[in-house]
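Enquirer: Please work out how this folds:
(one chain, ligands or ions: 4)
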Amino acid sequence: EAKAGGRNRAVVYEEHMNELLQLQHTIEGELREALGRDDQLSVVFQPLIDQSSRKVIGAEALVRWHHPKYGQIAPGRFISVAESTGLIEVLGEFVLRRACQLGATVPGRTIAVNVSPMQLRNPRFPNLVFDILHHTGMRAVDLELEITESILLDEEHISAQNLRAFRTAGIQIALDDFGTGYSSLSYLKRYPVDRIKIDRSFVSQLADGHVSVAITDAIVTLAHAMELEVTAEGVETEEQATILGRLGCNTLQGFLFSAGVSADEITAMFKAPDNAALTRRQRRRPPP
Ligand code: C2E
Ligand code: MG
Ligand code: MG
Ligand code: MG
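Expert: Ligands and ions are numbered 1, 2, ... in the order given. This is a model prediction of the structure:
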């Protein structure tokens, strides 16, 4: 009986795996198609807010895929497929180009772009970035590349070398989703990083008295001791923003302020009179 159950489970598992593989395969094909067109993929920009002034000081580029049949497909569903199939190279270049086109028109604002491990491992990646900066006219110092801890984990020679090349050119490096990987603080010492982004899993638990406050406090203190800036991501409530301010977080990002918006909208936010904090009307909630 246990055996039969086991077999059933195995069958169910296998069917599930087949479905997953099928889905991967479908996504790969559809993504390949989308990358060859100009009407499905786009880039939105989520405001980065200075904690003390609450002004919009920059934005993070986030890719969006609107499929004619399946509708909006979340990056969480296709970035990993893009990575495992190599399509991330083309996709990443598309996002970088869009981000730098915006960056060129808003000097002084930081534009952050997510970079996949596969991109960073490519010895030609720095030259691609420098070329795009050159062609768009964006200043290197306004560009920030967001990498994840997993990149650092493989401790690859080329990745480290590429990071140094970016640093030398004045490009900023941010460590994304900080605290979710096997965060070893020694990585922060060994690799050239300018900023850490505290993952939203910590931020979402911030409430007075919660252990996450103590953890976040320790992270911020350590980061500042190492002269790194700290951004908190996924800020959804005023209470979280207040606690993060008290802990000395430099920059905030989250739906409390705005979800990602178009290049035109973020430009309007940057250029608003005295670059004021977002008005209620400007705050964009994510689609349900
Ligand atoms: P990430 O880099 O950590 O980006 C932040 C994600 O959190 C975004 O999801 C953003 O929409 C979401 N977010 C922002 N504020 C809030 C909030 O207050 N509450 C909640 N619940 N979520 C919030 P998104 O756009 O779905 O992207 C998910 C992940 O996909 C990103 O995480 C990033 O790792 C990856 N990604 C997105 N665009 C790109 C890209 O162009 N290239 C690469 N390599 N990865 C990308
Ligand atoms: Mg990011
Ligand atoms: Mg993140
Ligand atoms: Mg995250």
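Enquirer: what distance separates stretch 175-193 from the centre of its chain?
Expert: Relative to its chain's centre, stretch 175-193 lies at 15 Å (C-alpha atoms, centre = their mean, to the nearest Å).
Enquirer: Would you state the helices of this protein in chain order?
Expert: 2-35, 75-85, 88-105, 117-120, 125-136, 149-153, 157-168, 185-190, 200-203, 211-225, 238-246, 263-271 (DSSP state H).
Enquirer: Identify whichever of the ones you listed lies nearest to residue 52.
Expert: Residue 52 lies closest to helix 238-246 among the helices of the chain, at 7.3 Å (C-beta to C-beta). In this view, the C-beta of every residue, glycine as well, is placed from N, C-alpha and C.
Enquirer: May I have that closest one exported as PDB, CA atoms only?
Expert: Output of helix 238-246 as PDB, limited to C-alpha atoms (Å, rounded to 0.1, in the frame of the first residue of the first chain):
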ATOM      1  CA  GLU A 238       4.700  53.900   6.800                       C
ATOM      2  CA  GLU A 239       5.700  52.000   9.900                       C
ATOM      3  CA  GLN A 240       8.400  50.100   8.000                       C
ATOM      4  CA  ALA A 241       9.700  53.400   6.500                       C
ATOM      5  CA  THR A 242       9.800  55.000  10.000                       C
ATOM      6  CA  ILE A 243      11.700  52.100  11.500                       C
ATOM      7  CA  LEU A 244      14.100  52.000   8.600                       C
ATOM      8  CA  GLY A 245      14.700  55.700   9.000                       C
ATOM      9  CA  ARG A 246      15.400  55.200  12.700                       C
END
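Enquirer: mean confidence for it?
Expert: Confidence over helix 238-246, taken as the mean pLDDT, stands at 96.
Enquirer: on contacts alone, who are the packing partners of it?
Expert: helix 211-225 (3 or more C-beta pairs under 8 Å, 6 or more residues apart in numbering; DSSP states H and E).
Enquirer: Could you list the residues in contact with the helix it packs on?
Expert: 178-179, 185, 188, 196, 198, 202-203, 205-207, 229-230, 232, 243-244, 247-249 (C-beta atoms under 8 Å, 6 or more residues apart in numbering).
Enquirer: quick one: contacts of stretch 177-193?
Expert: With C-beta under 8 Å, 6+ apart, stretch 177-193 has contacts from 148-150, 152-153, 160, 163-164, 167, 173-175, 196-199, 201-202, 215, 219, 222-223, 226, 228, 233.
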